[in-house]
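> got a sequence here, can you build the structure:
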Amino acid sequence: QVQLVESGGGLVQPGGSLRLSCAASGFTSENYAIGWFRQAPGKEREGVTCFSNTDDSIKYEDSVKGRFAISRDKVKNTVYLQMNSLKPEDTAVYSCAAGPGAASMNYWGKGTLVTVSS
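Numbering: from 1, shown residues only. I've put the predicted structure just below:
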């Protein structure tokens, strides 16, 4: 059974950092595109960053470039999202997703809430 379980969300002050984890089970994540999406209150879901399924290249949404970094531990089958210099506009539910391509994510986690507020 394929599962993606996120953890690490919480409340942080502007300028702070958080690291999210996505533990994958039931499949080998390095063979899939896998990454992070977020949905802020009242807004549509958007892609944040993603590992390609073909060459392990990484893409970042423009607003997080230089602040967020995706990484993976292939032994643990876990993907991480290090978020630095957080801003109130980063507040959202962050979800991990995987699939045969970045535009076709078949598997989704339930998400973890990140709140950036003073």
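> pLDDT at residue 10, what is it?
On pLDDT, residue 10 comes in at 97.
> please name the residues that touch it.
18, 113, 114, 115 (CB atoms under 8 Å, 6 or more residues apart in numbering). Backbone N, C-alpha and C define where each C-beta goes, glycine included.
> could I have the buried ones of those as ChimeraX selection syntax?
To isolate the buried ones among the contacts of residue 10 in ChimeraX, judged by 16 or more other CB atoms under 10 Å, type:
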select :18,114
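> select, from the contacts of residue 10, the two members most distant in space.
18 and 113 (10.8 Å; CB to CB).
> what do those two both touch?
Common neighbours of residue 18 and residue 113 (CB under 8 Å, 6+ apart) are 9, 10.
> tell me which residues of the helix or strand bottoming out on mean pLDDT in the chain are tucked away?
Within the chain, no helix or strand scores below strand 58-60, which has a mean of 84 by mean pLDDT, DSSP states H and E. Of the residues in strand 58-60, residue 60 count as buried by neighbour count, 16+ other CB under 10 Å.
> helix or strand right after it?
strand 68-73 (DSSP states H and E).
> what average pLDDT does that following strand get?
Mean predicted confidence for strand 68-73 is 94.
> residues in contact with it: which ones?
29-30, 34-36, 48-51, 58, 60, 78-84.
> so what's the predicted local confidence for the nearest residue to residue 25 once chain neighbours are set aside?
Once flanking residues are discounted, residue 25 sits nearest to residue 3: 4.7 Å by CB to CB, 6 or more residues apart in numbering. On pLDDT, residue 3 comes in at 94.
> cool, and the one 10 residues further on?
Note on residue 13: pLDDT of 98.
> about what we covered before: could the contacts of residue 10 go into JSON lines alongside pLDDT?
JSON lines is the format used below for the contacts of residue 10 (pLDDT from 0 to 100):
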{"residue": "18", "pLDDT": "98"}
{"residue": "113", "pLDDT": "98"}
{"residue": "114", "pLDDT": "98"}
{"residue": "115", "pLDDT": "98"}
